[in-house]
Structure formats: structure tokens, C-alpha cells
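Novice: Build me a structure from this.
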Amino acid sequence: MRIDVLTLFPEFCPGALGASILGLARERGLVDFRLVNIRDFARDRHKVCDDTPYGGGPGMVMKPEPLAAAIDSARRPQSTVVLLSPQGEPFSQATAEEFSRAGQLVLVCGRYKGVDERVRLMADREVSVGDYVLPGGEAAAVVIVEAVARLLPGAVGHEDSVATDSFSTGILDAPYYTRPREFRGLAVPEVLVSGDHASVARWRREQALKTTAQRRPELLRGEVLSETEREFLCRELGKEIVNG
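Specialist: Model prediction:
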């Protein structure tokens, strides 16, 4: 898979793109990261890529000419061009899975007040990583690259671990424990050391449902619960769970 990051500040990204799973995925040839400096496409000698907005008002807007030229240089027939913007659709695990199946992602990092609307129309998707404003789209691009690259076959040591992550099944994941068996007076739940795989699976499912009900109850709306699971949640939370 190829991922192009179009940015005014390419020095922001190399460290993150070469570390941990991203670095391993790159070494294994699973993903090819390319940083594209938008300033290289500016026509004037000062490499100006922003200007004041028509109609007045504070702030600056990214100029259309260099940004459009940068997009044109990176776009391929199989590309998905993604503009990173607070106005975009919320980024989710489902979006990450969709992007991981693309032949190429072109991530366009906005800056200042945003990009010229005529360039926004060139994007296939507009995505936001949260309801807050960053100085630019570079941090958001790293978030998306991390979420997408780890889904590529061979990127992580145990691919089954990706399938059980929070949001991969629609709900949050269960809590996890490792050695030592007791830490600061807190012991690992007995079921996890019982060797009973069916009981462990049931415990993890119940704990995942409980965690979701406590922290993100809206995620349970589409979850199909058995009568036993409903009774468990009712006991644990002291109230009946309504979903579906």
C-alpha cells in the first residue's frame, strides 16, 4: 500500500512514520510512505502557499494552485484523496478498515483557517479525527496512518489481536492482565488462570459488554445480547439494558 502525506511541514512526520509498527510495516514492504512538500509546487520564488480570505476576516487560507498541483502529482487511478479537516466525517475503526483496502491514500494536511473551497472539492473524502481544532492536519495524518497500517496483513505479530481490538467488533475491548499475578494488592481474576478457555471467552465477552455499557453505552444499541448477557449487565450495573 502507498500513503502520500501532503504537508507544508514534512519535518513533522518522519519520526512517527519510522517507529514501532509503522517502521516494521515499511521495512517489510507492506506500506510505502511518501512525504510531499506542498511548497515545492508554489510558483513564486518565496514559495507562498497562503493568502487572505476573500470577504475579509482574520486568518489565512491555503492557496489553491500549489495544493491542487501537489494533489495532482500524487494522485493515481486507485487513489483515495482524503482532506483532513474539522468539518469532515468522524474517523472511525470502520473508516480505517475501509482505507486499509485502498491501493493508495493521499492525505492532505490543511493549515491555517483551511483550504480554498475549490481544492476541497478535489478530495474524495473529508475526515476529522475529533471535535477539536489542531494547528494543522499532520498530527491527524499520523493518527490515520497508524490506524490503517496496523490493519495490513503482516503488520502486527498476531493478526487475531487486531480482530479483538476496541471498535473492531462494534464494542469496547475487555480488560487485560499480565505478569505478575498480584500487583499492589490486586490479583488477576481467577478465571484467566483457570485454563478453561470457554470460561475465559465468556468472561471477556461479559467484561467487554460491561466496559462498553459504563463508558460508551451508545455502542450497545446495535449489539445483539443474549438473555444471560442482559441478566449479567443488569446485576453489574443495577439497571436494565435497552438496546437494538
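
Novice: how does the chain divide up, domain by domain?
Specialist: Following automatic domain parsing, one gets these domains for the chain: 2-149, 182-237.

Novice: what about the last one, how long is it end to end?
Specialist: To tie it back to what came earlier, the one meant is domain 182-237. With CA to CA, to the nearest Å as the measure, the ends of domain 182-237 fall 26 Å from one another.

Novice: Low-confidence stretches in the chain?
Specialist: 157-168, 242-244 (pLDDT under 70).

Novice: How about the residue in it that sits furthest from its center?
Specialist: Within the chain, R45 marks the point farthest from the mean C-alpha position, 36.7 Å out by CA atoms, centre = their mean.

Novice: now that one, what's its secondary structure?
Specialist: Three states are possible here, and by DSSP: H, G, I helix; E, B strand; the rest coil the one that applies to R45 is coil.

Novice: which of the domains of the chain sits most buried?
Specialist: Counting by mean count of other CB atoms under 10 Å, domain 2-149 has the highest mean neighbour count of these, with a mean of 17. For glycine as for every other residue, the C-beta is placed from the backbone atoms N, C-alpha and C.

Novice: Mind listing residues that contact the helix or strand containing A213?
Specialist: A213 is part of helix 197-215 when elements are defined by DSSP states H and E. Helix 197-215 is contacted from outside by 169, 171-175, 189, 191-192, 194, 219-220, 223, 225, 229, 232-233, 236-237, 241, using CB atoms under 8 Å, 6 or more residues apart in numbering.

Novice: Compare the domains of the chain and report which one is nearest to V156.
Specialist: Nearest of the domains of the chain to V156, taken as CB to CB: domain 2-149 at 6.3 Å.
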